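Undergrad: A structural model of the following input is requested.
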Amino acid sequence: MLPTELMQEGDHLMTVCNACRYCEGYCAVWQAMERRLVFKESDLNYLANLCHNCSDCYYACQYAPPHEFQINPPKTLAKIRKYTYEQYAWPGPLAKAFQKNGLVVSLLTAVVLIGFMMLAIASVGSQLFMPVRGADFYQIASHEVMILTFGAVGLFSALALLIGLLRFWRNVDEPYSEFANPAALWKAAKEVLSLENLDNGGAGCSTSEEKSSQALRWFHHITFYGFLSCFVATTLGVFYYYGLGLHETSGYTSLPVIFGTLGGLGLVIGPIGLLVLKQRRNREIADESQYGMDVSFIVLLLLASVSGLLLLALRESAAMGTLLVVHLGIVMALFLTLPYGKFVHGIYRSAAVLKWALERSRPPAHSAAGE
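TA: Got it, this is the predicted structure:
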């Protein structure tokens, strides 16, 4: 549950903003707010995760600090989101450990996994520092070991994310059957894939603030589609191996390598851009206690993409074995920490966008009550 002080801060924010409504055309948060007269904890959790954190509302607000009302939507909603991450996470103790210092936990997890794999490979006599015939990764670690290891990690991550999503959906008072609403799913998918709520045209913002908002949108796009391209590359690699029976290392012009390279480049450009924007962000609207958790996912994405591109370029050299282990360790650490870091905001935000699509097809609660 939200701490009493934060609950009061969120209620104060929404009460003032619901009376003002200057920002109603900015994004879905303010339009969803207007459908409510009172704000329960579940409403605040929903609106906080519907927020895309562009901060344009703050710069346009006449009640922002130093006004006595102290209206600061980006910071207040960020603090509420932090509690929802812990509230919905499974298993709960892992979320608490991660939120204390997410960046250190992420990097330490990667280092431990890399060290463990190096010891395991050395124990069976594989040579990490020798050129490998045909750049065959499976001479370092067998195909079966890779499949079992990544299968277990992926299953754990997927289960934890699914449980978190279902907890969010239950908390915001939506039945699970609405996940199968085709019209709402279509609307939500279009808004999520286009990041529509990060594109308000800069209304009420200065030129520099508008550029920052658009830069945030495009770096998010590059990161997301880079991640998607890497997923496509992995899927194609599995199809080549099992469907086509092609067990040799793919050439540079093969589809898995092309999609993997494009995805890797996207996951270098996008995360670097997001890290730069985060460093430049106005500290008055940021919850500094979340910095480690926020950047851990971005840093691991960047390290995974850089190590993957190096592995591709040097896969026929003596460095290939070491690079493979480093890359695999970082990727496993990335997937193990997905349910507890910034990545979950994308999951809950997408679900919040789906709820918003559903709400638009219904009359406001206060209208239905005859108020």
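
Undergrad: And the biggest helix by length in the chain, what's buried?
TA: Under DSSP state H, the helix in the chain containing the largest number of residues is helix 207-238. Across helix 207-238, burial judged by 16 or more other Cβ atoms under 10 Å covers 209-210, 212-213, 216-217, 219-227, 229-230, 232-233, 236-237. (Each C-beta comes from the backbone N, C-alpha and C, glycine too.)

Undergrad: before we move on, what about stretch 183-192?
TA: For stretch 183-192, by 16+ other Cβ under 10 Å, it's 184, 187-188, 191-192.

Undergrad: out of those, which one sits closest to Tyr58?
TA: Tyr58 lies nearest to Glu191 out of those, by Cβ to Cβ, at 21.9 Å.

Undergrad: Nearest spatial neighbour of that closest one, chain-adjacent residues omitted?
TA: In space, and not counting its chain neighbours, Glu191 is closest to Val353: 5.2 Å by Cβ to Cβ, 6 or more residues apart in numbering.

Undergrad: which other helices and strands contact the longest helix of the chain?
TA: Secondary-structure packing of helix 207-238 (3 or more Cβ pairs under 8 Å, 6 or more residues apart in numbering; DSSP states H and E): helix 56-60, helix 255-280, helix 291-313.

Undergrad: for the second one, the distance to its chain's centre please.
TA: What that stands for is helix 255-280. 14 Å (Cα atoms, centre = their mean, to the nearest Å).

Undergrad: do the first one as well
TA: Computed by Cα atoms, centre = their mean, the separation of helix 56-60 from the middle of its chain amounts to 24 Å.

Undergrad: Dump the C-alpha coordinates for that helix into PDB.
TA: C-alpha atoms of helix 56-60 as PDB (Å, rounded to 0.1, in the frame of the first residue of the first chain):
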ATOM      1  CA  ASP A  56       5.600  18.900 -20.200                       C
ATOM      2  CA  CYS A  57       2.800  19.400 -17.700                       C
ATOM      3  CA  TYR A  58       5.200  20.600 -15.000                       C
ATOM      4  CA  TYR A  59       6.600  23.400 -17.200                       C
ATOM      5  CA  ALA A  60       3.200  24.500 -18.200                       C
END
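
Undergrad: returning to that earlier point: and the residue nearest to Glu191, which helix or strand is it part of?
TA: Using DSSP states H and E, Val353 maps to helix 343-359.

Undergrad: Just the mean pLDDT for that helix, thanks.
TA: The average of the pLDDT scores along helix 343-359 is 95.

Undergrad: Would you mind pulling the contact partners of it?
TA: Residues outside helix 343-359 that contact it (Cβ atoms under 8 Å, 6 or more residues apart in numbering): 28, 31-32, 35, 46-47, 49-52, 81, 84-85, 88-89, 161, 164-165, 168-169, 172, 174, 178-179, 181, 183-185, 187-188, 191-192, 197, 224, 297, 338.

Undergrad: make it 7 Å
TA: When contacts are defined by Cβ atoms under 7 Å, 6 or more residues apart in numbering, helix 343-359 is touched by residues 28, 32, 35, 46, 49-50, 52, 81, 84-85, 161, 164-165, 168-169, 172, 174, 178, 181, 184-185, 187-188, 191-192, 297.
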